[in-house]
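Peer 1: Please find the sequence and the predicted model below.
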Amino acid sequence: KAGVTQTPRYLIKTRGQQVTLSCSPISGHRSVSWYQQTPGQGLQFLFEYFSETQRNKGNFPGRFSGRQFSNSRSEMNVSTLELGDSALYLCASSPGQASLYNEQFFGPGTRLTVL
Amino acid sequence: GEDVEQSLFLSVREGDSSVINCTYTDSSSTYLYWYKQEPGAGLQLLTYIFSNMDMKQDQRLTVLLNKKDKHLSLRIADTQTGDSAIYFCAESPPRLGSGYSTLTFGKGTMLLVSP
């Protein structure tokens, strides 16, 4: 089974631009979660999508948004980029069914640099 | 506090034991997890423990859980240079009425193993 894939792997943008990151989950997984990882704040949860609906949301401004398609692939969008948005963005997938065991499978991440 | 807390850095010599500690916040977490992140990669599940257990051993890994103090630890025996990575603990409180859980990660402990 192929793992979680994220594209692009690296991205350089300037302040004020917007960016779209893509995540393809493991086949059969219906839940996709997004995280932002920075040296100072560690791993912070952005949002989770399950069956095309946002199921959970972290504490990020509205500039951060996402969506999920019928094939479970997900995209996240950041508008009006700020320098502080420079980070590694990780996507994780899981089956998402009703279960208290929640192993998440992570992709390699997209490294976003905002200049 | 509301955060899952971990010490940020641990340095050991090859062959020694490493102990990484974590304090979590939500006593309703049914499972607690340890993830490992190697340089340039996403997180990978290392091990987990069910909340009704005090200890779980898996080859060189030993997980200890103290529910009263909400303290979780990961011991790596005979630490090798290949164990150098960032280790994250995660709690998973269930979402009320939903039957599934969400993960909250600590900021990660960087383990450096010197020869």
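Peer 2: Yes, it's here.

Peer 1: Return the set of buried residues in the helix or strand containing B:Leu74.
Peer 2: Taking DSSP states H and E as the definition, B:Leu74 sits inside strand B:71-76. For strand B:71-76, the neighbour count (16 or more other C-beta atoms under 10 Å in any protein chain shown) marks B:Leu72, B:Ser73, B:Leu74, B:Arg75, B:Ile76 as buried. For glycine as for every other residue, the C-beta is placed from the backbone atoms N, C-alpha and C.

Peer 1: Kindly state the beta-bridge partners for residue 110.
Peer 2: Using chain A here. Beta-bridge partners of A:Thr110, counted by DSSP bridges, are A:Tyr89.

Peer 1: Hmm, no, I was thinking of chain B.
Peer 2: According to DSSP bridges, the partner residues bridging B:Met110 are B:Phe9, B:Ile86.

Peer 1: B:Ser114 now?
Peer 2: With DSSP bridges as the criterion, B:Ser114 is bridged to B:Arg13.

Peer 1: pLDDT-wise, which helix or strand of chain B ranks last?
Peer 2: Here the helix or strand of chain B ranked lowest by mean pLDDT, DSSP states H and E is strand B:104-105, holding a mean of 89.

Peer 1: what pairs with that one, and is each one parallel or antiparallel?
Peer 2: Partners of strand B:104-105 in the sheet, by DSSP bridges, are strand B:85-91 (antiparallel).

Peer 1: For chain B, give me the ranges with low pLDDT.
Peer 2: B:1-2, B:95-101 (pLDDT under 70).

Peer 1: The same query, at a cut-off of 50, please.
Peer 2: Residues of chain B meeting the criterion pLDDT under 50: B:1.

Peer 1: Show me what from it comes close to chain A.
Peer 2: Residues of chain B lying close to chain A (C-beta under 8 Å from any C-beta of the partner chain) are B:30-31, B:33, B:35, B:40-45, B:48, B:88, B:92, B:94-95, B:98-108.

Peer 1: So which of the residues you listed sit within strands?
Peer 2: B:Tyr31, B:Tyr33, B:Tyr35, B:Leu43, B:Gln44, B:Leu45, B:Tyr48, B:Phe88, B:Thr104, B:Phe105 (DSSP state E).

Peer 1: Pull the most distant pair out of the residues you listed.
Peer 2: Among those, the pair separated by the greatest distance (C-beta to C-beta) is B:Gln44 and B:Thr104, at 18.0 Å.

Peer 1: Comparing the two, which shows the higher neighbour count?
Peer 2: Neighbour totals were compared for B:Gln44 and B:Thr104, and B:Thr104 leads with 21 against 14 (other C-beta atoms under 10 Å in any protein chain shown).

Peer 1: Quick check: the more buried one touching B:Phe88?
Peer 2: No. Between B:Thr104 and B:Phe88 there is no contact under C-beta atoms under 8 Å: 10.4 Å.

Peer 1: Pretty sure B:Gly82 sits in a strand.
Peer 2: No. Using DSSP: H, G, I helix; E, B strand; the rest coil, the assignment for B:Gly82 is helix, not a strand.
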